[in-house]
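Engineer: Sequence below, structure please.
(3 chains)
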Amino acid sequence: MISESVVNLSRLQFGMTALYHFIFVPLTLGLVVILGIMESVYVMTGRQVYKDMTQFWGKLFGINFALGVTTGLTMEFQFGTNWAYYSHYVGDIFGAPLAIEGLMAFFLESTLIGLFFFGWERLSKGQHLLVTWLVALGSNLSALWILVANGWMQNPVGAEFNYVTMRMELVDFGALLLNPVAQVKFVHTVASGYVTGALFVLAISSYYLLKGRDIGFARRSFAVAAAFGMAAILSVIVLGDESGYRVGEVQKVKLAAIEAEWNTEEAPASFTLFGIPNQQEMRTDYAVKIPYLMGLIATRSTTEPVTGIKDLVSQYEERVRNGAQAYALLERLRAGDDSAATRAAFDAHKQDLGYGLLLKKYVNDPSAATPEQVRQAARDTIPGVASLFWSFRIMVASGVLMLALFICAFWASTRRNELKKPWLLKWALFSLPLPWIATQTGWWVAEHGRQPWTISEVLPTHLSASTLAPADLWGSIGALVTFYTLLLIVEMYLMIRFARLGPSSLHSGRYCHERTAQAGDTLRQTAIAKPVIPANV
Amino acid sequence: MFDYETLKLIWWVLIGVLLIGFALTDGFDMGAMILMPLIGKTDKERRAAINSIAPHWDGNQVWFITAGGALFAAWPMVYATAFSGLYWALLLVLFALFLRPVGFDYRSKLDNSRWRNAWDWGLFTGSLVPALVFGVAFGNLFQGVPFQLDDTLRSTYSGSFFALLNPFALLSGLVSLAMLCAHGGSWLMLRTHDALGERARRATGLCALLHLVTFGLAGVWLAYGFDGYVLISQGDPGSALNPLHKVVAAGNPGWLANYHGQPLTLLAPVVAILGSVLALLGSSWRQAGLAFTGTALAIVGTLATAGCALFPFVLPSSLDPASSLTIWDAVSSHKTLGIMFVAAALFVPLILAYTLWSYARMWGKVDDRFIDANPHGLY
Amino acid sequence: MNGRLVKELLVILVIKLALLMVIKSLWFSAPTVPPDATQAVSAHLLD
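Structural biologist: Numbers count the residues shown, from 1 in each chain, chains lettered A, B, ... in the order given. Here you go, the predicted model:
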């Protein structure tokens, strides 16, 4: 079929560009809501410091947003460039949420962001605040629609195969929208963005507090971030649990792989905390288990078992055989034999057509597959266990660490004694990478765990790619890596520079590097040797 | 709501609307950024040009992103075949576009002339390449591109990137470049003044003239130099059609068949020419509004001319004409087209409303004083 | 600024490409399950 290296390189490119895009997206999602909160306080109280907060954190937001847009451009078109057969096969369903994302969300977010940055003097306080919240709405809506799309890849509801047009077609738009997998992924992902935004502000504010500068500004920013982050981290963990439960319902092999559940244990199954999954022997070495825990979390019962990988493989063998029959019936239909009997037979087998398509990796006509090929195709339904096992645990561990941090930060903030706890401030600062570790590993689990399918149980990855040459892929991967690396270096240079400068980069005359003391700041006086505005700003 | 055949036709119009919307909005900010390092002689002049579009360029670019998404939703075969076939052309456009968001936001963040100059040329490149390549792509549509569909509707493209840079396509690229630069120039006439505004005025006139010349040349070349494709037979357009079940042949010399068949379509090239004439007059008479109206009409007319000539083809295949993609068979299901129509009908007016509001709020001349009033807040 | 910056950027790029190749060979090169998995599955079913 398509060269295996083209498929693998296409996967590598898509994974790399998607993860790269997701460096910037969660910060956009969370920080924009924080900006809305800060500006709301400004409009309600009239305190200048809150306007400064909105404008300063807004500057950092802009530096991040630029690369969010840049890397997002690639994603919109990459389904067409590198996954052309996928785009034909499921575009009738998948294209719609992407287009609606543009119409409903991108336009709102991108049109009004211009007013956010440049409309301070042109809009009333209320109007500008509305603009900020509409930008937040736009970003969050965009997450909704893309996760409706991704949710459909994991759980392809509301669609049927049409043998005339040789593709999946939409049957129930409501089912697409209300797909429980999509719904839970949406709120879980958005919550992870909120955590990212909160921790970003918390860490940088802690930096200012440790340096003893812009105290009033930093303490208020810290307070907003701690409260918002507290709510967000609780949401993301609860929704993560819900997400896992849904995966257990519709993608049993993904759950089994994440947990390295090779055998079906007696319910309720134990949870493997650590271990070395051994793909060769199909067991986990050095396993440290917690009894009953996985059964309880994954099935929310004490009697329902979590099906193990070995049992799933044998179930899928049957589905592959059914799928091969479905394929043979499909060929007959397309050859012109569309009698009621043939169509009824096809309808009886078509839910396994995807499993039949797995055979096309080994033989052109699935109905002529040997028993060994059938077994091989069934084995292909298992994604790589070790990376899923570990990335899931890294994600959860990061989440737990952030939970502990936000509890302490929130507590200190309400007691107003964060300045007396340099250990907390340092902890917050060094925790800055955690949300990024969690979000990247989380997406790895979701997408690598989806293999060997692009559309779960419907379309295998190895059939989905464009007919390109390996040289095309090497070229585009090389160019993307180079471009993205250079842009990221520039972005981080500016981000670090402006984070270090703090609100003095607003050139208002009110902050550190600009004044010897901040008049009217009752929280603490800041003494600087001489007021110096850096030349390069 | 609408029957399938009508919806297919409506979506031909809607995709056209999205592409025209893209050219009208992102077109002037691309045109302005192509002109920026050429007519902006000082840092403040360049900043003035940049800040005249700063609040708007990102919303404008969404027309491009949404056009891509809409193509996926309404014409998935076109989205798949065109983007994978014209792989390097699209990647080239994307790489160039990468330079824009970062160019705008990062350019003035450091007070370093080498840094700023580098980003100015980045913005230039990021605007020039797409403007040129879109025209080149259209020029190739008229010739057909070498792809073929197998019986599972998987497409295979057999041409090279360099084959796309043939003379007619390059001329089409110039048409596109000229019309967008004229549009950028007339925008700068509206939003700047003094020396910069004067240079923008001259650039507008020059580019409008260039558009007239290249559009005319391309039209004549097309009329006498190409066989064109004609749809000989297909199944019922009101049903779900398989692209391979149709008969297509060369036999539409000059792609003029639709102009003969539907004389109303002659309005399109007339509007294109009239638009550039108005732009020329507007630039001579120092009437910025007239110039901008003219360049906008030139864009609408040019794109409509191309669309009407190609109809019902979207992506003709030079290798296997039956594989050509038309608005009747490269299309999503009835249900999806219906849902997307409702989404577009609901949201496009809303988008236009808040877009116009944002332009209205940010209107006014951008000049050195404007920059001096807020050097750190502006781009 | 120029020479040193260019050198540093090249080093970063080389490291990144190397990392990418490692990731590719580890996780983006099928197959994932070993050929004798069948025995493991049948053995398990017979237990």
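Engineer: ok, longest helix in chain C?
Structural biologist: helix C:2-27 (DSSP state H).
Engineer: Can you name every helix or strand that that helix contacts?
Structural biologist: In terms of contacts (3 or more C-beta pairs under 8 Å, 6 or more residues apart in numbering or on different chains; DSSP states H and E), helix C:2-27 is packed against helix A:4-45, helix A:470-501. Just so you know, the C-beta spots here come from the backbone N, C-alpha and C atoms, and that holds for glycine as well.
Engineer: where do the strands sit along the chain?
Structural biologist: Just going to use chain A. A:159-162, A:167-170, A:271-278, A:283-290, A:453-455, A:459-460 (DSSP state E).
Engineer: my bad, chain B
Structural biologist: Under DSSP E, chain B gives strands at B:147-149, B:155-157, B:229-233, B:247-250, B:313-315, B:325-326.
Engineer: To B:Leu352, which of those lies closest?
Structural biologist: When those are compared by C-beta to C-beta, strand B:313-315 sits nearest B:Leu352, at 25.3 Å.
Engineer: Return the set of buried residues in the helix or strand bottoming out on mean pLDDT in chain A.
Structural biologist: Lowest on mean pLDDT, DSSP states H and E among the helices and strands of chain A sits helix A:293-299, with a mean of 90. Of all the residues in helix A:293-299, those buried under the rule 16 or more other C-beta atoms under 10 Å in any protein chain shown are A:294-295, A:297-299.
Engineer: Tell me the one of those nearest A:Trp411?
Structural biologist: Using C-beta to C-beta, A:Ile297 is the member of those that sits closest to A:Trp411, with 27.4 Å.
Engineer: right, and that closest one touches A:Pro268 too?
Structural biologist: No. If you go by C-beta atoms under 8 Å, A:Ile297 and A:Pro268 don't touch, sitting 9.1 Å apart.
Engineer: before we move on, back to that, now the helices and strands packed on helix C:2-27 as CSV including distance to chain B and mean neighbour count?
Structural biologist: As requested, the helices and strands packed on helix C:2-27 are arranged in CSV below (distance: least, C-beta to the nearest C-beta, whole Å; neighbours: other C-beta atoms under 10 Å in any protein chain shown):
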stretch, distance to chain B, mean neighbour count
helix A:4-45, 10, 21
helix A:470-501, 6, 17
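Engineer: Kindly tell me how buried the closest residue to A:Ile23 other than its chain neighbours is, as a neighbour count.
Structural biologist: Nearest residue to A:Ile23 in three dimensions, chain neighbours excluded: A:Trp436, at 6.6 Å (C-beta to C-beta, 6 or more residues apart in numbering or on different chains). Using other C-beta atoms under 10 Å in any protein chain shown, A:Trp436 is surrounded by 17 other residues.
Engineer: show me the contacts for A:Trp436.
Structural biologist: A:23, A:26, A:196 (C-beta atoms under 8 Å, 6 or more residues apart in numbering or on different chains).
Engineer: A:Tyr245 now?
Structural biologist: A:297-300 are the contacts of A:Tyr245 under C-beta under 8 Å, 6+ apart.
Engineer: Check the spacing between it and A:His188 real quick.
Structural biologist: Distance of A:Tyr245 to A:His188, computed by C-beta to C-beta, to the nearest Å: 11 Å.
Engineer: what sits in contact with each of these two?
Structural biologist: Looking at what touches both A:Tyr245 and A:His188 (by C-beta under 8 Å, 6+ apart), there is no common residue.
Engineer: and the residue in the stretch 51-200 of chain B that chain A sits nearest to, what is it in contact with?
Structural biologist: Going by C-beta to the nearest C-beta, chain A is nearest to B:Pro76 of the stretch 51-200 of chain B, at 2.6 Å. Contacts for B:Pro76 were tallied using C-beta under 8 Å, 6+ apart; they are A:87-88, A:91-92, A:95, A:167, B:330, B:332.
Engineer: What residue, apart from its backbone neighbours, is nearest B:Lys365 spatially?
Structural biologist: In space, B:Lys365 is closest to B:His193, 5.5 Å off (C-beta to C-beta, 6+ apart).
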